[in-house]
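Asks: sequence and predicted structure, then a few things I'm wondering about:
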Amino acid sequence: TTYAERRLCRWFCRTAIAATAAGLTERGLRRGDRVAVWLPKRSEKAIALYGAMRAGGVAVPVNALLKAPQVAHILRDSSAKVLVTTAARLDDLSREVPDLAGLRVIVTVDDPALAERRHCLTIGWRDLLADSTQGSFSGREEIRAWIVRTMTAFPGCEMPRFPITWYLVDEERGRIVCDV
């Protein structure tokens with residue numbers, strides 16, 4: 001997949017979709033909850049839509065050309081619990097429609113500090129992904145259990161290589177620290 005000078009491999013997309021699904025689930029997304037995605041054409045839009053579906057939610061793609069009042073109507077009509085958008089779009093939406101009480105989580109793909117909401121959780125895209133992808137394993141059995149879960153979960157079902165991006169050997173403590 002290629003978008004705006006950035007080439008995304010299948011492994012990255014699959015990992016990002018899984019991380020998005022896990023991040024949404026950790027923040028209370030339940031099966032059947034609506035996830036509205038109001039973004040221009042960018043990689044985060046596709047990842048958010050597929051991540052929502054993988055988490056068991058219902059993806060609600062919102063046309064990027066719509067204005068804030070129209071988007072507010074779609075959010076209310078669909079009973080969306082999560083909104084994925086940019087901080088600027090969220091600010092426009094907040095000015096036009098100050099009450100979006102149905103939303104539980106708002107994810108901004110750029111700077112979450114630009115978008116302050118008082119009635120629901122507002123997080124950044126990186127925080128959504130980082131919280132769900134970081135973890136620690138201690139011992140072979142935990143790593144083995146993770147591999148088995150990863151390889152038996154649809155649509156993953158394959159692991160052509162062990163995805164370690166970097167590692168550090170700590171001989172004094174007898175451990176290996178790595179990014180899996």
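Replies: Great, that's in hand. Everything quoted here is computed from the prediction, not taken from an experiment.

Asks: where does the protein dip in pLDDT?
Replies: Across the chain, the ranges flagged by pLDDT under 70 are 1-8, 11, 111-119, 130-139, 150-168, 170, 172-180.

Asks: in it, spot the helix with the most residues.
Replies: helix 10-26 (DSSP state H).

Asks: quick one: buried residues of that one?
Replies: Residues of helix 10-26 classed as buried by neighbour count (16 or more other Cβ atoms under 10 Å): 14, 15, 16, 17, 18, 19, 20, 21, 22, 23, 24, 25. (C-beta placed from N, C-alpha, C; glycine too.)

Asks: export those to TSV and tack on distance to residue 121?
Replies: Below are those laid out as TSV (distance: Cβ to Cβ, whole Å):
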residue	distance to residue 121
14	26
15	24
16	20
17	21
18	21
19	17
20	15
21	17
22	16
23	12
24	11
25	14
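
Asks: closest one of those residues to residue 98?
Replies: residue 24 (24.9 Å; Cβ to Cβ).

Asks: counting contacts, what elements does whichever strand or helix holds residue 94 pack onto?
Replies: Per DSSP states H and E: residue 94 is located in helix 87-96. Contacts defined by 3 or more Cβ pairs under 8 Å, 6 or more residues apart in numbering; DSSP states H and E place helix 87-96 against helix 68-78, strand 105-108.

Asks: ok and that helix relative to helix 68-78, angle-wise?
Replies: With axes from the mean of the first three to the mean of the last three Cα atoms, to 10 degrees applied, the angle from helix 87-96 to helix 68-78 works out at 80 degrees.

Asks: okay, buried residues for helix 87-96 please.
Replies: 87, 89, 90, 91, 92, 93, 94.

Asks: just the CA coordinates of that helix, formatted as CSV?
Replies: What follows is helix 87-96, C-alpha atoms only, in CSV (Å, rounded to 0.1, in the frame of the first residue of the first chain):
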residue,chain,number,x,y,z
ALA,A,87,-7.7,18.0,16.2
ALA,A,88,-8.7,20.8,13.8
ARG,A,89,-11.8,19.0,12.7
LEU,A,90,-12.7,18.2,16.3
ASP,A,91,-12.3,21.9,17.2
ASP,A,92,-14.7,22.8,14.3
LEU,A,93,-17.2,20.2,15.5
SER,A,94,-16.9,21.4,19.1
ARG,A,95,-17.6,25.0,18.1
GLU,A,96,-20.7,24.1,16.0
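
Asks: which residues touch stretch 47-67?
Replies: 13, 16-25, 29-41, 45, 71, 74, 78, 80-82, 84, 96, 107 (Cβ atoms under 8 Å, 6 or more residues apart in numbering).

Asks: change it to 7 Å
Replies: By Cβ atoms under 7 Å, 6 or more residues apart in numbering, the residues outside stretch 47-67 that reach it are 13, 16-18, 20-21, 24-25, 29, 31-40, 71, 74, 78, 80, 84.

Asks: this completes my enquiry, with thanks.
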